[in-house]
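J.: Whatever this is, show me its structure:
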Amino acid sequence: MITVVVIDDERTNRAVLQAAIGSFGYRVEAFGAAQPAVDALPGLDARLVLLDWRLPGLSGARAVQAVRGVCAAPVVILTAYAAPEHQVEIVTAGADGIMTKPFAFEDLEALVRRHAGPPQ
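T.: The predicted structure is shown next:
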């Protein structure tokens with residue numbers, strides 16, 4: 001089963017993302033902070049990392065770089081910050097995509113399938 005990693009400090013967001021992505025047919029590993037995810041990623045064989053842009057501790061561009069250092073999977077940022085300057089900052093950090101919160105489940109499913117491939 002294809003693994004998608006979710007990193008979001010909001011417990012409700014993690015639970016909703018885990019349930020939704022699981023219902024699409026993927027295995028989900030969810031983390032409340034970037035550092036524990038970075039520590040676990042080498043053993044997860046993740047095909048996609050969904051990363052909240054604003055996290056306690058390791059956050060933003062530093063979090064993207066840390067994930068990139070241990071995992072080749074695409075990194076898509078989930079953020080409520082839709083202003084153009086935030087999007088430029090996110091792309092400059094090396095993210096493969098941006099999904100602005102709130103989003104429709106259909107859009108989430110399309111994004112996951114596009115980056116992780118069809119569920120197996």
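J.: From P36, how far out is the spatially most central residue of the chain?
T.: Residue closest to the mean C-alpha point of the chain, counted by CA atoms, centre = their mean, is L50 at 0.6 Å. According to CB to CB, to the nearest Å, L50 and P36 sit 15 Å apart. From N, CA and C alone the C-beta is placed, and that goes for glycine too.
J.: Check A46 too.
T.: Taking CB to CB, one finds A46 at 14 Å from P36.
J.: These two: who's more crowded?
T.: A46 (25 against 13; other CB atoms under 10 Å).
J.: For that one, name its beta-bridge partners.
T.: Beta-bridge partners for A46, by DSSP bridges, are T3.
J.: In contact with it, which residues?
T.: For A46, the contact set (CB atoms under 8 Å, 6 or more residues apart in numbering) comprises 3-5, 29, 71, 73.
J.: ok, of those residues, which come out buried?
T.: Taking 16 or more other CB atoms under 10 Å as the criterion, what is buried in these is 3-5, 29, 71, 73.
J.: Quick check, pLDDT for Q18.
T.: Per-residue pLDDT puts Q18 at 98.
J.: Next, the buried residues of the worst-scoring helix or strand of the chain on mean pLDDT.
T.: Within the chain, confidence by mean pLDDT, DSSP states H and E is lowest for helix 84-92 among all helices and strands, at a mean of 87. By neighbour count on 16+ other CB under 10 Å, the buried set for helix 84-92 is 86-87, 89-90.
J.: From the contact counts, what lies against the helix or strand that that helix is followed by?
T.: Downstream of helix 84-92, the first helix or strand assigned by DSSP states H and E is strand 97-100. Applying 3 or more CB pairs under 8 Å, 6 or more residues apart in numbering; DSSP states H and E, we find strand 97-100 packed against strand 75-79, helix 84-92, helix 105-116.
J.: again, 10 Å this time
T.: Packed against strand 97-100 by the contact rule (3 or more CB pairs under 10 Å, 6 or more residues apart in numbering; DSSP states H and E) you find strand 46-52, strand 75-79, helix 84-92, helix 105-116.
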